[in-house]
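Trainee: model this:
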Amino acid sequence: MQLFLLKLKIHRLTNWEYWPMWALYLPLLPYYIYLSIKAKSFGFFNAVNPSIYSGGMGLEKKSDVNKITPSQFLATSFLIVKTNVLPNFTQLLSEHQLTFPIIAKPNIGCRGNFVKKINSLPELQAYHDSIKVDYLIEELINYKNEVGIFYCRMPNEVDGKITGIVLKKGVEVIGNGTSTIGELISKSYRYYYQYDSLFKNNEHLKNTILEKDKLMELSAIGNHARGATFYDITNQCTPNLTKVIDDISKKIPDFYYGRYDIKFNTWKEFEQGKNYKIIEINGAGSEPTHMYDPNHTFVFAIKEYSKHWQMMYEVAKQNHKKGFQYFSIKECRAMLAENEIYYNKLR
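Mentor: Take a look at the predicted model:
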């Protein structure tokens, strides 16, 4: 076991996708400062998507973004304002035509924290008791594929473009006919630190032995911090897919830059604009998550982030000329302070 833990530490040290956030953002800081000097504002991001608070750089509410997005594209969801009074969940679910299992997630995102699949009323009541912030209850989309699609459209241009596509795979294990699922997870470099959370509500699976080559999905939540694997499939972008995403984006007021997280059935149907649902829209604070492909280097990630920040700056500059405002230094400080307070509630 000690040898495995040593190898695990070496693996995480030599694979940048596991490094802490500051290790990625620190080398990028000088470039952001450079763009801010050019824009004459550290808060230029606010003009990127004028219809979204802070352009989507932070503290934007998912419920507000959903309001400006045509409902036919979205997973059905509704907001729960956190109080000490337990809502009538049975009535609310009935009103929105939702049944278990469902997804619950904070109304302001925090890298996947508190995103949870809920299977029953007691689980939902326990979730409500444990969370300290407002949250969304959302339908569970059962389409088997999930992607993150990065989109950008310059305000002075008619059509936008897809700048990155990431295919997300949740926590999956393949049986060998002899090891238990618990053993397979405990020997995985990627999933080792997810062990407790994976079996928290699935204790019975821990000692289950999978047949040889049988695949089992333990978590469908496509979040990198929760153990999901990201694959760069940008090369699968087609004109038809670009048109689907471009058409959606043009129906969202003043949305120019960000990432769609989408579940869909098949590529063919998706390119025809059929059988897909948006589960989240991220704005200026979006990461080009295709960079997290295990085959990509740290240098690739820095270049990809810099390229997207350059696009963000160009979008903001054009919108600023149209009268949309940047954040002042005071507003930037206030947002950072409020961010810290909010994230502390989720820890």
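
Trainee: When you work out contacts or count neighbours from here on, use the C-alpha atoms and nothing else.
Mentor: Fine.

Trainee: the helices in the stretch 101-250 of the chain, which residues?
Mentor: Remark: helices assigned in the stretch 101-250 of the chain by DSSP state H, counting those that start in this stretch are 121-130, 181-186, 195-199, 239-250.

Trainee: just those: most buried one?
Mentor: helix 181-186 (a mean of 20; mean count of other Cα atoms under 10 Å).

Trainee: for it, packing partners?
Mentor: strand 171-174, helix 195-199 (3 or more Cα pairs under 8 Å, 6 or more residues apart in numbering; DSSP states H and E).

Trainee: now the ones you listed in TSV, with distance to Tyr292 and mean pLDDT?
Mentor: What follows is those, written out as TSV (distance: least, Cα to Cα, whole Å; pLDDT from 0 to 100):
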stretch	distance to Tyr292	mean pLDDT
strand 171-174	16	88
helix 195-199	21	83
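
Trainee: OK, contacts around Pro70?
Mentor: Applying Cα atoms under 8 Å, 6 or more residues apart in numbering to Pro70 gives the contacts Lys251, Ile252.

Trainee: switch to numbering from 334
Mentor: That works, and once the first residue is 334, the last one we named lands at Pro403.

Trainee: pLDDT wise, what is it at?
Mentor: On pLDDT, Pro403 comes in at 97.

Trainee: got it, and Asn446?
Mentor: Reported pLDDT for Asn446: 82.

Trainee: Would you mind measuring from His461 to Glu516?
Mentor: 32 Å (Cα to Cα, to the nearest Å).

Trainee: And Lys395, by the same measure?
Mentor: 38 Å.

Trainee: what about Ala437, neighbour count?
Mentor: Using other Cα atoms under 10 Å, Ala437 is surrounded by 24 other residues.

Trainee: what pairs with the nearest residue to it once chain neighbours are set aside across the strands?
Mentor: Spatially, and ignoring its direct neighbours in sequence, Ala437 is nearest to Ile470 (4.7 Å; Cα to Cα, 6 or more residues apart in numbering). On the basis of DSSP bridges, Ile470 is bridged to Phe411, Ala437.

Trainee: burial measure for Ile470, as a count.
Mentor: Ile470, neighbours per other Cα under 10 Å, totals 25.

Trainee: who touches it in this structure?
Mentor: Neighbours of Ile470 in contact, by Cα under 8 Å, 6+ apart: Ser410, Phe411, Leu412, Ile413, Ile435, Ile436, Ala437, Lys438.

Trainee: So for the third one, what pLDDT did the model give?
Mentor: Meaning Leu412. pLDDT, Leu412: 98.

Trainee: Quick check, it in contact with Pro439.
Mentor: No. At 9.4 Å, Leu412 does not count as touching Pro439 under the criterion of Cα atoms under 8 Å.
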